[in-house]
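In: the sequence and its predicted three-dimensional model are supplied below.
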Amino acid sequence: MGAYLIWHALQWLGYVRRRLNSDPGFYAPKAAVLCPCKGVEPGLERNLVSLTEFERQNYEIFFILASGSDPARSIIERVAKNSRVKAHVVVAGPPSNCSEKVNNLRVAIEQLPPEFEVLAFADSDGRPGKSWLHHLVAPLGDVRIGAATTMRWFIPNRSDLATALLAAWNAPVVTMMSEKGKNFCWGGGTAIRRSTFEQSGVLDEWKNSVSDDYSLTRALARNNRPIVFLPECLTLSYVETDFDGLMEFTNRQILITRVYADKVWAPAAATHFLYCLTRLRRSPGAEAGLSSPDSNLSAASALRHPGFHPPHWRDGSTSFRSFPDYRPGVDLCAGDGVHSVPVPRKFCEFAGYAKNPLARCDLRTDQPRADSC
């Protein structure tokens, strides 16, 4: 078992490295970014703002609510008003014979004008980086591809045990995705050609579904359309929870997987058990290790460079939120006299800073420091 896990890990890391060194190309069709929202969660406004900051892509955003009285509406309307790209607020109404999220997506897609060639799905609790959408859409230039997908990476907002366990529980899901395996779509980061979506009959698959992503996966599998996993698009999600929230989230994920993807359930259970067994031997805050603010290369680069560690502030914590001047849009972690953290070479090159593997940039100004960049 140990030899197999090492072999699998090396294969996975090899794929990550190849993806990080790949050029996404110039494929940039008009895309509709669809983001269902419900309620006010920590960091909601900053998460939604990140969806308005994508570069190198022609797109519009559709924020979708089930009810016009949703408490998140005022935040969504403020973000839409200040967005540099065209943003829409869609009120889908109550669901019928499907989950609220599935209904939100169905209504929004049915109302889309015909000029949108690509559908990109995002979640309101994710915080993707500026090149996320371009990288996510790029593989669809190959018409044989069914969909391109990525996965979330939880970053604890606080250092309590329940939040750390949530991050640890979620982490091994990423390693279930691979270059040639039977990948599945993740609802918080999937892109698909609209023509493929329609030809695969996804709207019909959604009619009586509670899971948007597993039903999308089923529809593509039925039509023999492959799903490409993009580790360079890992989406950071800043989380905090208690034990009730931890049990609710994990039970829901286990139940949905058991119902919609029974062939995935057994290996997923084994993977989670082995991973959590090893992670529990580390400190509760260990999952904060991939806490770089830009998600396009941050999590994948950190996996590629095991020496990449989170900054430690004066109060001894590792949470970016604890630093009063921190802005999540900043691309690199680094030193302004308060803290100092090395940045991997590839990460620095990708962000457009100096090609110095120990370059540092100022969080206060979002600019490279003159003494090292």
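Out: The structure has been received and is ready for your questions.

In: from now on I want contacts and neighbour counts done on CA atoms only, so please keep to that.
Out: Will do.

In: can you give me the helices in the stretch 1-150 of the chain?
Out: 2-20, 44-50, 73-82, 100-110, 132-137 (DSSP state H, counting those that start in this stretch).

In: can you tell which of those helices is closest to E117?
Out: Set against E117 and scored by CA to CA, the helices of the stretch 1-150 of the chain come closest in helix 132-137, at 10.6 Å.

In: what's in contact with the closest one?
Out: 24, 27-28, 54-57, 118, 120, 148-150, 189-192, 230, 232-233, 295-296 (CA atoms under 8 Å, 6 or more residues apart in numbering).

In: how about the helices of the stretch 1-150 of the chain in TSV, adding mean neighbour count and distance to D160?
Out: Listed next are the helices of the stretch 1-150 of the chain as TSV, based on neighbours: other CA atoms under 10 Å; distance: least, CA to CA, whole Å:
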stretch	mean neighbour count	distance to D160
helix 2-20	14	29
helix 44-50	20	21
helix 73-82	16	28
helix 100-110	21	30
helix 132-137	26	30
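
In: could you dump those helices to a markdown table with mean pLDDT?
Out: Output for the helices of the stretch 1-150 of the chain, formatted as a markdown table (pLDDT from 0 to 100):
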| stretch | mean pLDDT |
| --- | --- |
| helix 2-20 | 84 |
| helix 44-50 | 97 |
| helix 73-82 | 97 |
| helix 100-110 | 97 |
| helix 132-137 | 97 |
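
In: compare those and give me the one nearest G245.
Out: helix 44-50 (17.6 Å).

In: can I get that closest one in PDB, CA atoms only?
Out: Only the C-alpha atoms of helix 44-50 are listed here, as PDB (Å, rounded to 0.1, in the frame of the first residue of the first chain):
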ATOM      1  CA  LEU A  44     -18.500  36.900   0.600                       C
ATOM      2  CA  GLU A  45     -18.000  40.400  -0.900                       C
ATOM      3  CA  ARG A  46     -14.300  39.800  -1.500                       C
ATOM      4  CA  ASN A  47     -15.000  36.400  -3.000                       C
ATOM      5  CA  LEU A  48     -17.500  37.900  -5.400                       C
ATOM      6  CA  VAL A  49     -15.200  40.800  -6.300                       C
ATOM      7  CA  SER A  50     -12.600  38.200  -7.300                       C
END
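
In: elements contacting that helix?
Out: helix 73-82 (3 or more CA pairs under 8 Å, 6 or more residues apart in numbering; DSSP states H and E).

In: what packs against the helix it packs on?
Out: Against helix 73-82 (3+ CA pairs under 8 Å, 6+ apart) you get helix 44-50, strand 87-91.

In: and it with strand 87-91, angle?
Out: Counting by axes from the mean of the first three to the mean of the last three CA atoms, to 10 degrees, helix 73-82 lies at 150 degrees to strand 87-91.
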